[in-house]
Each structure stands twice: as structure tokens, then as C-alpha cells.
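S.K.: Structure here, sequence nowhere to be found:
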Ligand SMILES: NC(=O)C1=CN([C@@H]2O[C@H](COP(=O)(O)OP(=O)(O)OC[C@H]3O[C@@H](n4cnc5c(N)ncnc54)[C@H](OP(=O)(O)O)[C@@H]3O)[C@@H](O)[C@H]2O)C=CC1
Ligand SMILES: NC(=O)C1=CN([C@@H]2O[C@H](COP(=O)(O)OP(=O)(O)OC[C@H]3O[C@@H](n4cnc5c(N)ncnc54)[C@H](OP(=O)(O)O)[C@@H]3O)[C@@H](O)[C@H]2O)C=CC1
Ligand SMILES: NC(=O)C1=CN([C@@H]2O[C@H](COP(=O)(O)OP(=O)(O)OC[C@H]3O[C@@H](n4cnc5c(N)ncnc54)[C@H](OP(=O)(O)O)[C@@H]3O)[C@@H](O)[C@H]2O)C=CC1
């Protein structure tokens, strides 16, 4: 089956690679051509994939087209080029973390032209993309999700159809809201422990099996304490995601006091030059003053 | 071996029961006699335990004495009565969540009289106490912790010696700091999802295997959404624990902005009549205005 | 001199009235015609003003055109209709609290067409508009501000040229940032005093001459305590203004932790049905739980 | 009339000087003798005052005794020495910012011994003390306040009897609550203005006459922007005062979310070495990361 993949960044490149490896006939595209070339050498050539010269060309004849770009304007621009060319009956799947409003609008536009649209943001990070073990949260019509599922299974450990268009993005927003405050709490705990002179390994041994446990505690507490942030999910991306969440909350009447506060703390990190640090770097705001 | 247990409340009663069941010669005491009687019927009689008439009498001849009381003044008062009577070489173990400063003072007083003191707050809640599966975080001398370990094993799944006196309490404070902000983040996530009309089961299916995962998400997200809070760890207790954490931070120079804020949100719950609700009730502050 | 005024709401109506009274030849317009009629009866007829049938007609032949609408989209829509018709050399003055980005864009568009644009948000509230005692903070070219000044003086006590286009709106954002946190602090102080049973009059007598003094304390503390919020500057407007401030901070790298938090508290008030309450109603979030 | 003054620090020294200058027969005391000597040279000698060798000696025969010390333990210690010696019918006035609980306890102890006690914290700062223009907020019996009033008038511009014992301290807590959040809001406003490149003088000209106005804006905005903090009311004192306010709120059930948060921001400043900076230095947390 012919499929298209646009956006060969940190996430998109390994995802498109899994598609090719799984036997799909992949046409790939990246704005910066060098990345497309690198992708072709690493993932494409050996599995019969090809690199296309433009977004429009990428989706010609494709049954499925995937996007994994940066933010709303990128997705809107790509969709503008891609939707008219995408064959009728094909489905456009957007893996970018973008706004629910954009997802709803694109689903409508696609629908009006007899095409499908699924908002399908992912979680699992670079490691999940490389291992092909992402979680994908989908918004859209069930039929469209099912049509995209076999392809997505090449890079996903879990694909959940959350609800109608936009619900994939809303679910991702829930994910980020839960993480932001949790990470700040973990940072405060580790900072407090450091100030008190506690042995962190023993603290984690004592508390990580109980009510304070979290994926972040299991996977980030030690690197936080070791002051290592040169990996993972970047602060700049987190701010984008929290902006989406806070805008949506404004529209729906939800109140997110700690999320709004931690978003400002992430802005502190950006001002400290930490836009590319992992989101667990919140502890840096506390230790840097020391 | 003769052991004493003072404080047969929600946590202490099952803990003392486990001691008796494990074959320790238990003398138990509770300020309110009715609870001591109930304990005797449920846990004591069948295993040869007895109820004592006063704190002092409880610890006569004991090699180990355990406290599981409410707050600093309660522990200070009990220690005043108990320490002079406790035999030399015996160890007083305090399972109350109390201040590190009190732990340090009592360890000194006990030490000066040739006795041991271990601050040993627990986590795992009522369920953990009943199942005998608590986590215990110990502060004090290794020799004292080791002397108390066999008895504590009757109700603990995990006993960690964190460090010198006070470090047990400090570790518990870390635990509570991590929980407070995490729960508020989870509450905001669930509240946001509710406002957006998401299917919560599917949201949890999609996100609870990833970076947003936490014990609280696994065990409290559904009850939060179902508005069930009549169980678990009470808001009033949490406020006491956060007071200890915030006071200690003041002394050590640690900064806990989100913890301080969530502590005030817990005060909102108390003003709403929720002092006995489970700590996950933070979502109530958000939904009640709806 | 012929001048146009579009937007005869709470603020615009008395402002346009002052212009007519000061002898300007006013053409006025309001989307909802009934308000334009009412304005004509109250302010227009006696001073030779007239009501126009469309935005375009309003500005025909005008040397100055004023807008006092709601939010960005309203201003953008009005400007689209008005700028092409506005005579060359005329100046469009926007009194709406809107975004600095929009102001910069409209200044450019106007400039390209040989017309002037001044962003000129006001402070002073309904009372200030009625008394003709507003403060106006202007962004744009000095020559354009000066051309508009004589007309604006009919309703302003103070007109300050802050800087280039957008600086009027940015100055207004500073104003709102300073107010939001200040009002929450005042609400907490009054709430604390109430809980402590203090005599508020004496408290204010003691502290309102010193370092805690503020316009809000002088003018809102008593109404806060009396639970009166049916007047003044509405929570809904404040949320719009804080959205502008927070968006701008995101762009400029400024950090506004308390502003972001209080913005969420204002969302609590909206959820409580208080979108039209005065901004001092923050105390309601504290007292309602009582 | 014989009066005693204990605590010749930044505040106490000029206050005691005003008493001497006003013709009171002053006996003064300071723990560190050097300060007492300096006071004698600057204020005492010329007006017939004397320096006493101990707290007890200072109050011998005095009708009024004043304290202006640091914190609760200091006041408690001084009262222990002074109350037994103070003549019956005399009044002990405490100008220290201390806890309402201590005030209530000392009023009881004094009353039982036939003496009066007034909690009388001040505002107005070092400048107010030197100019004799403090505001004094009094808690206690009206008769005791009246007896102390003529002496206090030598250094006060305003003396308000707020209510029974403790109400002076509670009023001071209200003052500090109002200031903390207000200063953070002002810091955010000035920081935002700086990032936006606004001309601060014009901004202040435009907004300081309106709803954003405050004593702090009039007196601290310019020094904030000029990064000057080597004067005024120290962060360390503010943290003490906020601790008192937050402890009291815990007892009364008041909720102070922004105050609690800003208290943690002041802890940031302490960690940055700013314990002695003026409380307006909150802007430093924002600009230092730049
Ligand atoms: N990194 C992570 O751990 C995770 C990221 N995400 C989300 O996935 C998305 C992608 O992230 P990631 O791969 O890390 O980001 P990268 O920055 O590595 O990749 C972004 C990709 O988008 C392309 N792109 C951006 N703007 C445009 C545009 N206007 N037109 C065409 N192409 C464009 C880039 O092209 P070019 O190479 O030319 O710049 C690049 O290929 C984001 O929305 C992110 O929030 C979700 C979960 C985890
Ligand atoms: N109220 C106050 O105390 C203060 C308000 N401000 C700011 O001033 C502005 C006006 O406030 P206020 O007068 O109170 O608001 P009102 O709601 O009373 O008036 C708004 C005016 O804008 C018109 N309008 C809104 N949208 C459009 C549109 N798309 N096309 C044409 N007309 C439109 C309305 O017309 P219609 O009658 O048809 O709805 C109405 O005349 C706001 O930006 C506000 O933030 C600033 C300082 C103080
Ligand atoms: N500074 C200001 O702007 C304002 C201060 N206040 C409050 O006024 C009080 C005093 O402030 P300030 O004068 O600035 O502080 P200083 O530190 O300058 O002075 C404190 C005084 O208290 C004495 N003291 C402290 N502890 C003891 C003790 N245990 N026994 C005997 N004497 C003791 C000190 O003696 P020694 O010289 O021996 O150290 C010193 O004389 C504080 O509570 C402060 O919060 C209120 C409003 C404004």
C-alpha cells in the first residue's frame, strides 16, 4: 500500500522508517532536504522507499498520509498543499501535537472533499518512536482510525480511539497537564531532599513503590539529581503543548492553576537558556540559585 | 520478646495486630479505652496480647516500644511518659508522621538515657497497614533500626534505613511533597478532560502506560472522576504533613512553590468541609464551581 | 472638525458624547442600532451630531476616527471596513484594549495607505469615561498622537505618548498585570482579616496610609468586604486583557507567574457565574467556601 | 514620666530618641552594648536619658515599657525578665512584629500580675521611625492603649486601636499580606515592561494615577527598574512576617494562595543571597535569569 510521510524530524524519521520496514510503500518528505537524504540512507533505500520533492508529490496516489511536524501553522500549511492532491477516500493522519481547533477544522475540510482526517498525537518520546512503541491517541471517525491502524501499528504499542475529531489532541493535552505539575512536584521533592542532605537512592528505594510513585520518578529522579538534562522532551515543546492546553481551557472553562504556574516556570528555564533541556529540568530553577 | 504499642488508631491497630499474630508478646495502649478494648477483641485476645492501663505500664520490661500517634505534641507527651520507664537498651520507634526536629530531640534524650530512638514514619495507608505491606523509612542509628527490624517486618513490605535521626521524617516529607503537586496536576488533567467531554476510560488507557503515569493515576483517577472521596488519606493529615515539610524547607532553605500553593488548596477543601476526604479530592475545588 | 466614533458601549458612548459636547462634528456608529439611537437622544441631538448607517459611512470625510470595541477580531473587522474609506492624512485611533500585534499590523496597513494609526487604550473605567477623566496611553507616531490629542482631551485627564505602535497596548498590559496580583493580595488580606474577626474600618485606617496602600485598597476594600461586585470592570474583560498580556509575555520571554495564577482564579469566578462581576470579586473565591 | 525602651535597633533607636526628645525620662537598653552607647551619644545624653545595664533594671519604676526586638523568642525572653520587675499598673508595649498568639499569652500573664500589655507593631519603616511618622496598630484594652498613646505620639503619625490583644499583630499581618502579592504584581509589570522595551517613566506617568496605583508603585517602581535594593524592609524580616501570617491562617482557616507562593519566591531571594535586600527585590528573580 502506498503511504506518505511528511516531517522526518526526531519523531517522524524513525516512525517513517518503521513503516518502510513493515513493507509499506513509503514516499517521504522533509522541508530541509538534508534530513530527507539522511533518512533515505538510514531507513529508506533498503526497504524500497523514496523521497519526494514536494508535499504534493509525496501524497500522490497514497491511501494514507502522515504528518509529524512542529506546531499549528506548520500543519495548516502542509494540509493546504496536501489535501487537494490526496486521493479521495484516503486518510490524512496528523501525529503533530497541535490544537484541537485545528484538528476539527481540518477534519471538516477533509470530509467535505471526501477524505478522512485523524488527529493522532503520540506519546513515548524519541525512544518510543525508535523502538516502535509509541502510544497514539486518535480523534476522528472510527472508520478512518481503523483504516490507519495497520500502518500505525508498525510504530505503536498502543492505539486508542478517544473520540471525535479533536479528542486525540485533547487527550494529549491531558497527558501534558498531568506531567507538568507532577514534574514540578518531583523537582521540589528532590530539591528538598538535597537541601536536607538525604541519600537519594535510599529515599527512592523507600518511596518509589508507593503513593508517590510515577513514571517520572522511576525514570527522571536520578537524572534530575545528577543535573542531566541533555536528552528527552524539550522545554520548548512543552511550552507549546501547555499553550495549547491553556488556550483550550480558556475556551472550555477549565481551570488549570498549577499548570499555568508551571508553564511560567518553564519560561524561566527558557530565559536561562534551557529551551532544549528535558522537561525534568524544572529542578534547575531551584538549584541554580544555590 | 516483649514489645509495646501505643496508639491503636486506623494505622496502629492493624500494625499492633500483626505484631501479636507474629508471636510478639504485645502490650497495647490507647488513650481512648474503647479502642483498646476493640483491638483486644479483634487482634489481642487470640494471640496472648494484653491491654495496658497507662503509657508507662505499657512499656515496662519491653525491648521495643512503638508509637503511632497524631502530631508532634502527642508524640512529645507520650515520650515524656514512656522514655523514663523504658528499660535501658530498649528502642523507641515512632511511626507517627512528625517533625524531623522532634525526632532529633527525642533521639538525643533517649541516647542520653542509654536507650534508642528511631523515627520511622510509614507509607501505604490503611490498606498497607491491614495487609502488613507498609513502607517504613527509618532515621537513627543502624543498630537501633536493625533491632527493630524483625518486629517491623510483621507489617512492612519494605524497611529502608535512610540515615541519621530525622531522616525518616525528612524522607516522608519528600514523599508528601511529591504527592501534593502530582495530585493537583492529576486533578487538573481529569477536570480538563471532563470539561472537554472526553471518555475518561479511553484517556486513561491511552496515557497511563506512559510518561504521565503515576500510582495516583492508576489508583485515584477513576474515583476522582466518580467524585468518591470517602476513604484513603485525609486532607487534614495531609495539611499537617505539608506544614512539617514547609517548616523544614524554611529551615533548610529549600523552595517549594507548588507545594505551598497546593497546601492552600487543601485549606480550601477544609473550608468546604472536606477535612476527612481523601487527598485526591483536590478536583472538588474545580468541579464544585461548575 | 469632522470626527467619527465607532462603538457606543459602556465606554464609547460617553466618550463620543464628550466629543460632541466639545464642539466636534461627530458621526457615530454602533453595530446594534438601538444603542446608537439612545446615544443620539442622550448625547447627539443637542450638539449637532449624527448617527451613521455603516462603519464606512461614519468615517467619510473624517479627519479623526475613533474605535472603542471589544477584542481583536472586532477591531480587525472594523478596520477592514473603515481604513479604505478614511481620507488620506486622517488618523484612526483605537481605544479598545487589544493586542500589541494587531496594533502594529494596523499601523503598517494604515501607513501604507497614507493614513495614521494610534493604539490608545484607556484606563479609568466607566466613571472616568463619564467624567471625561480617562488616562490614555498611546502608541504610534508622535505626529499622529498630536493630531488626535485635542479631540481626546475632551474625555481624558491624561494622555501619554508611550512609544511606537503597540506601546499603548503594552502599557495597558502592564497596568492590568499590576492590578491582577494586587487585587488578589488585597482579597487575601481582607479575607484573612475577616476570618480573624478584625474591625475592617480600623484596619484600613491603620494601614491605608502606608506601604500597603493602593487605589484598590482605597476604592475596593470596603465593597469587597461588603460583598458588592455589581459594578466596575468586569471579570470577562480582565480575562481578555490578561490573555493579551500572557500571550505577549510568551513572545517577549517575560515571566508572569502570579498573573498566570490569578488569571486562573478569574476563570474560577467565571465558572461561578461571575463573568460580569467587578474584578475585585476575587475575594468571593475565598469566602464562598466558608 | 519614667519610660523604658528595650531594643535599640534600626527601628527602636530613633523611636527611643523621639521619646527622649519629647521630654520623657527614658531608660534604654540594648543587648549589644555598643548600640546602646551609640544611641546615648546620638539621642540620649542631650535629653537626660540613660542606658541601663539589664532589661530588669531598665524597667524599674517605669510607667511604660517598650520593646522593639526581632521575633517571638526574643520578645518572650525579654518579657520573662521584664514583667516581674515592671511596677503594678504599668503597661508593657511591644512594637516587635510578632505572633498574635504570643501577644494573647503575654496580655494574660501581664493582666494576672496587675499590669497592662499592648501589642503594637508598626509600619512606616526606618524612614517612618526617624521622622517620627509611624503607623501603630494596637491590640489590647483601650485603657492600656490610651495610657501609652501620649508617649507613642512622639514617634507616630497614626495610632489605631484595632481591638483586643493580638489584633495589633493580626492587623500587621493583613498589611504584610497585602504588600507581598502587590509587590510581586508590580515586579511582574515592571519586568514585562522591560522585556517589551517600554519607556518606564512614561508608563508610570500613564498608569500611576489610576487603578494600578499603589504606594509601592509610587515609591519602589523606579528603584526596582534601576536594580537598587540596598535599603528598605529586608526580605528576611518579610519572611518572618509571612510565616506569622501563614501560621495564623492555618489556625483561622483563611486561605492565602498568592501569599504562600510569594513567600516561596522570597525564599528564592534568600537563596540568591538577598536576605537583606528590600522586599521590592522580587523583580530580581525575573531579571537574573536574563
Ligand atoms: N520529541 C519528542 O519527544 C516528542 C515530540 N512530539 C511532538 O511531535 C512533533 C514533532 O516533534 P519532533 O520530531 O521532536 O520535532 P523536530 O523539530 O525534530 O521535527 C519537526 C519536523 O517538522 C518539520 N516542519 C516544521 N515546520 C514545518 C513547515 N512549516 N513545513 C514543513 N515542515 C515543517 C521539520 O522540518 P525541517 O527539518 O525542515 O525543520 C521537521 O521535519 C511536535 O509536535 C512535538 O510536540 C510528541 C511526543 C514526543
Ligand atoms: N468597561 C470598562 O471599565 C473599561 C473597558 N475598557 C475596554 O474598552 C473596550 C470597550 O469596553 P466597553 O465599552 O465596556 O464594552 P461594551 O461591551 O459596553 O461595548 C463594546 C462595543 O463594541 C461593539 N462591538 C463589539 N464587537 C463588534 C464588532 N465585531 N463589530 C462592531 N461593533 C462591535 C459593541 O457593539 P454592540 O452594541 O452591537 O454589541 C459595543 O458598542 C474593551 O476593549 C474594554 O476592555 C477599558 C477600560 C475600562
Ligand atoms: N526595619 C523595618 O523597616 C521595620 C521593622 N519592623 C519590625 O520591627 C522589629 C525590629 O526591627 P529592626 O529594628 O529593623 O531590627 P534590628 O535587627 O535592627 O533590631 C533588633 C533589636 O532587637 C534586639 N534583640 C533581638 N533579639 C534579642 C534578644 N533575644 N534579647 C534582647 N534583644 C534582642 C537586637 O539587639 P542586638 O543589637 O543585641 O542584636 C536589636 O536591638 C522587627 O520585629 C521587625 O520585623 C517593623 C516595621 C518596619
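M.R.: Here it is on my side, so go on. Just so you know, these numbers come straight off a predicted model, no measurement behind them. Ligands and ions are numbered 1, 2, ... in the order given.

S.K.: and whichever strand or helix holds residue A:58, is it in reach of ligand 1?
M.R.: Taking DSSP states H and E as the definition, residue A:58 sits inside helix A:55-59. No. Contact of helix A:55-59 with ligand 1 (Cβ under 6 Å from any ligand atom) is absent, the minimum separation being 7.4 Å. The C-beta positions use only the backbone N, C-alpha and C, and glycine is treated the same way.

S.K.: which parts of that helix are buried?
M.R.: Going by neighbour count (16 or more other Cβ atoms under 10 Å in any protein chain shown), the buried part of helix A:55-59 is A:55, A:58, A:59.

S.K.: Quick check: of the residues you listed, which lies closest to ligand 3?
M.R.: Nearest to ligand 3 among these, counting by Cβ to the nearest ligand atom, is residue A:55 at 65.3 Å.

S.K.: quick one: pLDDT of that closest one?
M.R.: Residue A:55 is assigned 97 on the pLDDT scale.

S.K.: so it sits right up against residue A:81, yeah?
M.R.: Yes. With contact defined as Cβ atoms under 8 Å, residue A:55 reaches residue A:81; the gap is 4.3 Å.

S.K.: OK, now which residue of the stretch 1-150 of chain A is nearest to chain D?
M.R.: Minimum separation of the stretch 1-150 of chain A from chain D (Cβ to the nearest Cβ) falls at residue A:71, amounting to 22.0 Å.

S.K.: Give me the neighbour count for the residue lying closest to that residue once chain neighbours are set aside.
M.R.: Excluding the flanking residues, the one nearest residue A:71 by Cβ to Cβ, 6 or more residues apart in numbering or on different chains is residue A:240, at 5.7 Å. Applying other Cβ atoms under 10 Å in any protein chain shown, we find 19 residues neighbouring residue A:240.

S.K.: Please apply the same query to the one 4 residues further on.
M.R.: Each residue near residue A:244 was counted by other Cβ under 10 Å, and the total is 24.

S.K.: which ones are touching it?
M.R.: Going by Cβ atoms under 8 Å, 6 or more residues apart in numbering or on different chains, residue A:244 touches A:97, A:98, A:99, A:100, A:169, A:173.

S.K.: One more pass at 6 Å, please.
M.R.: Residue A:244 sits next to A:99, A:173 when contact means Cβ atoms under 6 Å, 6 or more residues apart in numbering or on different chains.

S.K.: Before we go further, it is sitting in a helix, right?
M.R.: Yes. Assigned with DSSP: H, G, I helix; E, B strand; the rest coil, residue A:244 falls within a helix.

S.K.: near ligand 2, which residues of chain A?
M.R.: Proximity of chain A to ligand 2, by Cβ under 6 Å from any ligand atom, involves no residues.

S.K.: Tell me where chain A has helices.
M.R.: A:12-21, A:33-39, A:55-59, A:72-82, A:100-112, A:125-131, A:142-152, A:167-196, A:200-207, A:215-225, A:235-252, A:257-271, A:282-287 (DSSP state H).

S.K.: Ranking these by mean neighbour count, which comes first?
M.R.: Comparing the helices of chain A by mean neighbour count (mean count of other Cβ atoms under 10 Å in any protein chain shown), helix A:167-196 comes out on top with a mean of 28.

S.K.: I'd like the distance from that one to the chain centre, please.
M.R.: In terms of Cα atoms, centre = their mean, to the nearest Å, the centre of helix A:167-196 is found 17 Å from the chain centre.

S.K.: what residues does the helix holding residue A:58 touch?
M.R.: Identification of contacts with helix A:55-59 by Cβ under 6 Å, 6+ apart yields A:4, A:6, A:27, A:29, A:52, A:65, A:78, A:81, A:82, A:85, A:86.

S.K.: And for residue A:212, the neighbour number?
M.R.: Residue A:212: 28 neighbours (other Cβ under 10 Å).

S.K.: roughly how far apart are it and residue A:279?
M.R.: 19 Å (Cβ to Cβ, to the nearest Å).

S.K.: so residue A:97 touches residue A:121, yeah?
M.R.: Yes. Counting by Cβ atoms under 6 Å, residue A:97 touches residue A:121, with 4.6 Å between them.

S.K.: Now do the shared contacts for those two.
M.R.: Counting by Cβ under 6 Å, 6+ apart, the contacts common to residue A:97 and residue A:121 are residue A:172.

S.K.: give the contact list for the closest residue to residue A:140 other than its chain neighbours.
M.R.: Leaving out its chain neighbours, the residue that sits closest to residue A:140 by Cβ to Cβ, 6+ apart is residue A:118, at 4.0 Å. Residues in contact with residue A:118, defined by Cβ under 6 Å, 6+ apart, are A:93, A:138, A:140, A:144, A:145, A:148.
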